[in-house]
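Sequence first, then the predicted structure:
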Amino acid sequence: MDRVDSGLMTVGELSRRTGLSIKAIREYEARGLIYSAGRSEGNYRLFDDTALWCARVIGEMRSVGLTIKEITQLADAYFADPDEPIGPKIAAALDRAEQRIDAQLDELEALRRRIAAYRIDHAASLAGHDPDFAASDPRRAPSAP
């Protein structure tokens with residue numbers, strides 16, 4: 001592996017420093033969220049502190065539930081008008097993330113209620129006291145003579 005100039009790092013080093021996988025970094029680069037600073041003599045992608053900052057921001061946005069699509073939209077808005085405050089757009093994205101979480105929690109609570117109802121409806125079978133539990137299984141029906 002080539003030695004890189006100070007301040008530049010390979011995708012592996014960027015991964016180690018940010019906790020993002022190499023695959024994720026390559027995906028983010030392909031989406032235009034992270035830019036490489038060129039290539040080394042050995043043709044390795046090189047990244048600088050800008051890429052490090054971008055990777056950390058992406059990781060932070062992912063950690064609070066934003067999707068890659070939302071992060072891309074935020075980046076597009078940020079680059080389209082750098083003088084416009086990005087905070088309100090991030091706040092709106094966080095609101096959408098919370099709405100998704102609320103919907104997921106509602107689905108999980110409904111699942112919990114279905115499990116509780118199943119336990120009540122099938123208490124004898126679940127305790128091993130109901131031999132009829134599998135009686136309707138056609139594989140267990142006696143074969144015809």
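That came through fine. All of these numbers come straight from a predicted model, not from anything done at the bench.

pLDDT at the closest residue to A51 other than its chain neighbours, what is it?
Setting aside the residues directly before and after it, A51 is nearest to I34 in space (C-beta to C-beta, 6 or more residues apart in numbering), at 5.0 Å. (C-beta placed from N, C-alpha, C; glycine too.) Confidence at I34, expressed as pLDDT, is 94.

I figured I34 was touching D48, is that so?
No. Counting by C-beta atoms under 8 Å, I34 sits too far from D48 to count as a contact (10.5 Å).

Look at those two and report which has more neighbours.
I34 (27 against 16; other C-beta atoms under 10 Å).

what sits against the more buried one?
By C-beta atoms under 8 Å, 6 or more residues apart in numbering, the residues touching I34 are I25, Y28, F47, A51, C54, A55, I58.

Likewise for R100?
R100 sits next to G65 when contact means C-beta under 8 Å, 6+ apart.

so which helix or strand takes in it?
Taking DSSP states H and E as the criterion, R100 maps to helix 87-121.

And the very next helix or strand once past that helix, what's buried?
As assigned by DSSP H and E, the chain's next helix or strand after helix 87-121 is helix 123-126. Buried positions in helix 123-126, judged by neighbour count with 16 or more other C-beta atoms under 10 Å: none.

Return helix 123-126 as CSV; C-alpha atoms alone will do.
The C-alpha trace of helix 123-126 is given here as CSV (Å, rounded to 0.1, in the frame of the first residue of the first chain):
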residue,chain,number,x,y,z
ALA,A,123,-53.7,-21.5,26.8
ALA,A,124,-54.5,-25.2,27.1
SER,A,125,-52.5,-26.0,23.9
LEU,A,126,-49.6,-23.9,24.9
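
got the phi/psi numbers for E13?
phi -70, psi -40 (degrees, to the nearest 10).

scratch that, L46 is what I was asking about
Phi and psi for L46, reported as degrees, to the nearest 10, are phi -120, psi 140.

Now do the contacts for it.
By C-beta under 8 Å, 6+ apart, the neighbours of L46 are V4, L8, M9, T10, S36, A37, G38, R39, S40.

what's the pLDDT at S136?
72.

Kindly tell me how buried it is, as a neighbour count.
Considering only other C-beta under 10 Å, S136 is surrounded by 8 other residues.
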